[in-house]
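Novice: Here is my input, please return the structure:
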Amino acid sequence: MAAERVDFWFDPLCPFAWATSRWILEVEKVRDIEVHWNVMSLGVLNEAKSPSPAEDAEQLAKWIPSRAATAVDLAYGQEKVAEFYTAAGTEIHNNGNKDFENATAKALEAIGADASLLEDAKTDKNDEQMRASHEEGISKVGQDVGTPIVAFKGTAFFGPVITRIPSGEEAGKIFDGAVALAEYPYFFELKRSRTERPQFS
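Specialist: Predicted structure coming up:
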């Protein structure tokens, strides 16, 4: 029997998506799932209230990681997307590299990708494909959320938003609970105020 497909939408910049992504990889070890990685963009999500990346260097820097992830997907496919996200996320979140162009360059080098993909990520060359992936994720949960988005068994949700990364059976139990809630068609939201930022140590 084939493993259950789980679709995960991420922007490499988001620390909450990063924490959740490391959790879903732990789930993959203890539950029969296969994660499929999809790019979304906080730049696209917030572009109505932010300067254009073509006109603002700070905004451009924030668009580069998700554009690069899209370029990797187009050039190399799913396996390399996962590798790129791990390399970029580690550099940005674990290593604290907030020079997003530099972090992206290091991630591309780490996975053996063509350096030209960084130059592509400074332009709108692959924005059509990135926007399509972004919209596919957002269409499943609505415009008033962000990243991460997790989808499986015909349903999807924003989150779970976590600040620590569970492992082993603890990770599996959290997934089981998310599945149970998501399978109820009239469940929409469960929330409390966060008291800390994600911890990656």
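
Novice: Pass me the low-pLDDT residue ranges in the protein, would you?
Specialist: 1, 201 (pLDDT under 70).

Novice: all helices of it, in order?
Specialist: Listed in chain order, the helices of the chain (DSSP state H) span residues 15-30, 42-45, 57-76, 78-89, 100-110, 116-121, 127-141, 168-183.

Novice: Can you tell me which of the ones you listed is nearest to residue 147?
Specialist: Closest approach to residue 147 among these (Cβ to Cβ): helix 15-30, 4.4 Å. All C-beta atoms are positioned from the backbone trio N, CA, C, and that covers glycine.

Novice: relative orientation of the closest one and helix 168-183 in degrees?
Specialist: Here helix 15-30 runs at an angle of 110 degrees relative to helix 168-183 (axes from the mean of the first three to the mean of the last three Cα atoms, to 10 degrees).

Novice: Please export the C-alpha coordinates of helix 15-30 as CSV.
Specialist: Written as CSV, here are the backbone C-alpha positions of helix 15-30 (Å, rounded to 0.1, in the frame of the first residue of the first chain):
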residue,chain,number,x,y,z
PRO,A,15,10.6,30.4,11.1
PHE,A,16,7.3,28.8,11.9
ALA,A,17,7.2,26.9,8.6
TRP,A,18,10.8,25.8,9.3
ALA,A,19,9.8,24.3,12.7
THR,A,20,6.8,22.6,11.3
SER,A,21,8.7,21.3,8.4
ARG,A,22,11.2,19.6,10.7
TRP,A,23,8.3,18.1,12.6
ILE,A,24,6.7,16.7,9.4
LEU,A,25,10.0,15.0,8.6
GLU,A,26,10.0,13.4,12.0
VAL,A,27,6.4,12.3,11.3
GLU,A,28,7.6,10.7,8.1
LYS,A,29,9.8,8.4,10.2
VAL,A,30,6.9,7.0,12.3
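
Novice: how far is that helix from where the chain is centred?
Specialist: Relative to the centre of its chain, helix 15-30 is centred 10 Å away, using Cα atoms, centre = their mean, to the nearest Å.

Novice: Over to stretch 108-117?
Specialist: Offset of stretch 108-117 from its chain centre (Cα atoms, centre = their mean): 19 Å.

Novice: Straight-line length of it, end to end?
Specialist: Stretch 108-117 has its terminal residues 8 Å apart, counting by Cα to Cα, to the nearest Å.

Novice: Could I get the buried residue list for that stretch?
Specialist: Buried residues in stretch 108-117, counted by 16 or more other Cβ atoms under 10 Å: 108, 111, 113, 117.
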